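1. Sequence plus predicted model, see below.
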Amino acid sequence: MSQFFTRVSFSSDEEAAAYNRAAWKLIPFLLILYIISFLDRVNVGFAKLQMSADIGLSDAVFGLGAGIFFIGYAACEIPSNLLLQRFGARIWISRILIVWGIISVCFMFVTTPAQFLTLRFLLGIAEAGFYPGIVLYLTYWFPGKLRSQVCALFFIGIPIAGLIGAPLSGFIMKQMAGISGFAGWQWLFLLEGAPAIIGGVVTFFYLSNGPKDATWLTDADRNIIVPALAAEEATHRAMGHGHRLIDALTSGKVWLLAISNFSLLGGIYGISFWMPQIVKDLGVKDVFVNGLVSSIPFAVACVAMILVGRSSDRTRERKWHIVLSAAIGALGLVGGATLAGTPALALASLSLALGGALASITVLWVLPSGLLTGAAAAGGLALMATIGNLGGYVAPYVVGLAREATGRTDYGLYLMAGAMFLGTLLVHLLPRNSTIDEAEHVPGLKEGAAVVA
């Protein structure tokens, strides 16, 4: 069987095989769901190129609508993650997918800015808990020593969604326009919203709630995975890591991570929502060609996330991987703004920006599960997503306001770069021991043992 994990030490070949089997069963499916999720979040950036004139949508109102999604999303993050822990991943993730898919399809019937804003807010409420819920679900299966790679393989859904979604969105809007009396942007919402409904139904039958009730898992694999994760949780508790919800809500480290996430996600969503407009401003007018060009930064980000995630797991180092990646991302935003007169260089800089920002997020999301267990882990991940995703509200709105006031997008890029530099500084302030050196703390990890390569 092909190996999912590389350059990671296991205590035996059987352990390596067990985790690789679990990864092949879960990660490709969850990755597909996340690609669907991200498409439904950001396809509005492409729809804007046509729907603005049809429904009277200004740049400022579009920025507000792009961001207001995250208000509803943030308000329901913690309750959603706690309900996932109560009802199980299979039922709760299915519910999230089906409801958000229905709302996504409803966008094709929008005729006014008020309706647009209302549906964006409801979409955020519907999707709340999906992102941190999946991260929490992955902690039920994989120990800390694998989580940078696991997170990278899941989060790579963001750049893959941009890589395939940008040209796909452009193709749909260009080729489907006028069919059955619907505009191209209406077909976009229908064709990219329906897969979430289908994915929700499939999830109900495909996912298990954890390794204990996974009928597809062999007894040998279960006897490796379940005790190892139990031992890791016991070790974390013995080290004083919180396990109650209040432990997450009162942890200064978790709040520091949450604010860092706010800064970094602001850059990611700011780029993602406004990339089609930025590329158009660089001189690419055709919507299909725009989609092809817009996909380039996402392709770069795919490579960056995998390389950084593997490096972080191999070295058992977290903080500097986050700091350096985020700093590169911020510098890329500055380059994208200052080099707008040279489209090729501006696009290369934006590729660095997106690659650095997404690579840093990949490693950042490993840290909470090393600090918290049980209800605290569920609440801490949700808190981190709640605060962080507010950056997804602020950044697109600020860019929209700056563009409407000045007619330029570069001022918004400078502001996002400043926010990402702030996130870099905050991560640097984390105490050394919060980087969670698994090699020192996790039982059963033997350096120099069998390596999956």
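-> Sure, I can see it.

2. In PDB, list the C-alpha atoms belonging to whichever strand or helix holds L136.
-> According to DSSP states H and E, L136 maps onto helix 130-139. C-alpha atoms of helix 130-139 as PDB (Å, rounded to 0.1, in the frame of the first residue of the first chain):
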ATOM      1  CA  PHE A 130     -17.200  22.200   9.900                       C
ATOM      2  CA  TYR A 131     -13.500  23.300   9.800                       C
ATOM      3  CA  PRO A 132     -12.700  23.000  13.500                       C
ATOM      4  CA  GLY A 133     -15.000  19.900  13.700                       C
ATOM      5  CA  ILE A 134     -12.900  18.100  11.100                       C
ATOM      6  CA  VAL A 135      -9.700  19.100  12.900                       C
ATOM      7  CA  LEU A 136     -11.100  17.700  16.200                       C
ATOM      8  CA  TYR A 137     -12.200  14.600  14.400                       C
ATOM      9  CA  LEU A 138      -8.700  14.000  13.100                       C
ATOM     10  CA  THR A 139      -7.400  14.100  16.600                       C
END
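
3. Distance from that helix to the middle of the chain?
-> Remark: helix 130-139 is offset 11 Å from the chain centroid, using Cα atoms, centre = their mean, to the nearest Å.

4. Show me the contact partners of it.
-> Applying Cβ atoms under 8 Å, 6 or more residues apart in numbering, the contact partners of helix 130-139 are 26, 30, 33-34, 37, 77, 80-81, 84-85, 89, 92-93, 96-97, 100, 147, 150-151, 154, 365, 369, 377-378, 381-382, 384-385, 389. In this view, the C-beta of every residue, glycine as well, is placed from N, C-alpha and C.

5. Go again with 7 Å.
-> 30, 34, 37, 77, 80-81, 84, 89, 92-93, 96, 150, 154, 365, 369, 377-378, 381-382, 385 (Cβ atoms under 7 Å, 6 or more residues apart in numbering).

6. buried set for it?
-> For helix 130-139, the buried set under the neighbour-count rule, 16 or more other Cβ atoms under 10 Å, comprises 130-139.

7. Put together TSV for the residues you listed, with distance to G335 and pLDDT on each row.
-> Putting those into TSV (distance: Cβ to Cβ, whole Å; pLDDT from 0 to 100) gives the following:
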residue	distance to G335	pLDDT
F130	32	86
Y131	28	78
P132	32	78
G133	35	84
I134	32	86
V135	31	80
L136	36	81
Y137	37	87
L138	34	86
T139	36	83
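
8. ok, of the residues you listed, which one's closest to Y414?
-> Y131 (27.4 Å; Cβ to Cβ).

9. Look up how far I179 lies from the spatially most central residue of the chain.
-> Centroid-nearest residue in the chain, with Cα atoms, centre = their mean: F155, separated by 5.1 Å. Separation of F155 from I179 (Cβ to Cβ, to the nearest Å): 35 Å.

10. Check the gap between S80 and W100 for me.
-> Here S80 is placed at a distance of 12 Å from W100 (Cβ to Cβ).
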